[in-house]
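Undergrad: take this sequence and fold it.
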Amino acid sequence: MLVYGVALAFIALWPTYVDVPARPMLDSITAEWPLLTFARIEFIANVLLFVPFGFLFTLILRRGHYVVLPAALVVSVAVEACQVLIDERVSSLLDVVANVTGACVGIVFAALIRAVRR
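TA: Numbers count the residues shown, from 1 in each chain. Sure thing, here's the model as predicted:
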């Protein structure tokens, strides 16, 4: 969980856009598949970024798993609030929605694993 937390902090608080090196690839993807816009790719990336949050916290907090979703919301809002302070970053409510959605997906995966183990 610590490794994930450090990686999340680096990605979320990096002083420039983290996708700059991948921009040529993203441009070719959006050119090939027009329905897959940059905004949609970014939303999906934000969802995927928080899947481990929901998954790992749900597995770690066996009895207190009900705090995972509120914790994801708090962390996501804190990240977006910090991004307001970084000149080249953009804070967005849609990012919070995507992050919490990703945490929900992670919670569901963890619940499925627990159900299979029983």
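Undergrad: use CA for all of it now, contacts and neighbours both
TA: OK.
Undergrad: what's the local residue count around Val20?
TA: The number of residues packed around Val20, counting by other CA atoms under 10 Å, is 10.
Undergrad: ditto for Asp87
TA: 9.
Undergrad: just the one 3 residues further on next, same as before
TA: Close neighbours of Val90, defined as other CA under 10 Å, add up to 15.
Undergrad: counting by contacts, list what the lengthiest helix in the chain packs against.
TA: For the chain, the helix with the greatest residue count under DSSP state H is helix 93-117. In this structure, helix 93-117 makes packing contacts with helix 38-60, helix 68-84, judged by 3 or more CA pairs under 8 Å, 6 or more residues apart in numbering; DSSP states H and E.
Undergrad: need the winner for burial among these.
TA: By mean neighbour count, with neighbours taken as mean count of other CA atoms under 10 Å, helix 38-60 ranks first of those at a mean of 19.
Undergrad: then that one to CSV, C-alphas only?
TA: The C-alpha coordinates for helix 38-60 follow below in CSV (Å, rounded to 0.1, in the frame of the first residue of the first chain):
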residue,chain,number,x,y,z
PHE,A,38,-8.3,12.6,-24.9
ALA,A,39,-10.8,13.5,-22.3
ARG,A,40,-12.2,9.9,-22.2
ILE,A,41,-8.7,8.5,-22.1
GLU,A,42,-7.9,10.8,-19.2
PHE,A,43,-11.1,9.8,-17.4
ILE,A,44,-10.3,6.0,-17.8
ALA,A,45,-6.7,6.7,-16.6
ASN,A,46,-8.1,8.3,-13.5
VAL,A,47,-10.5,5.4,-12.9
LEU,A,48,-7.6,3.0,-13.2
LEU,A,49,-5.4,5.1,-10.9
PHE,A,50,-7.8,4.6,-8.0
VAL,A,51,-8.7,0.9,-8.5
PRO,A,52,-5.7,-0.2,-6.4
PHE,A,53,-6.8,2.3,-3.7
GLY,A,54,-10.2,0.6,-3.3
PHE,A,55,-8.8,-2.9,-3.8
LEU,A,56,-5.9,-2.7,-1.3
PHE,A,57,-7.7,-0.7,1.4
THR,A,58,-10.7,-3.1,1.3
LEU,A,59,-8.4,-6.1,1.7
ILE,A,60,-6.4,-4.4,4.5
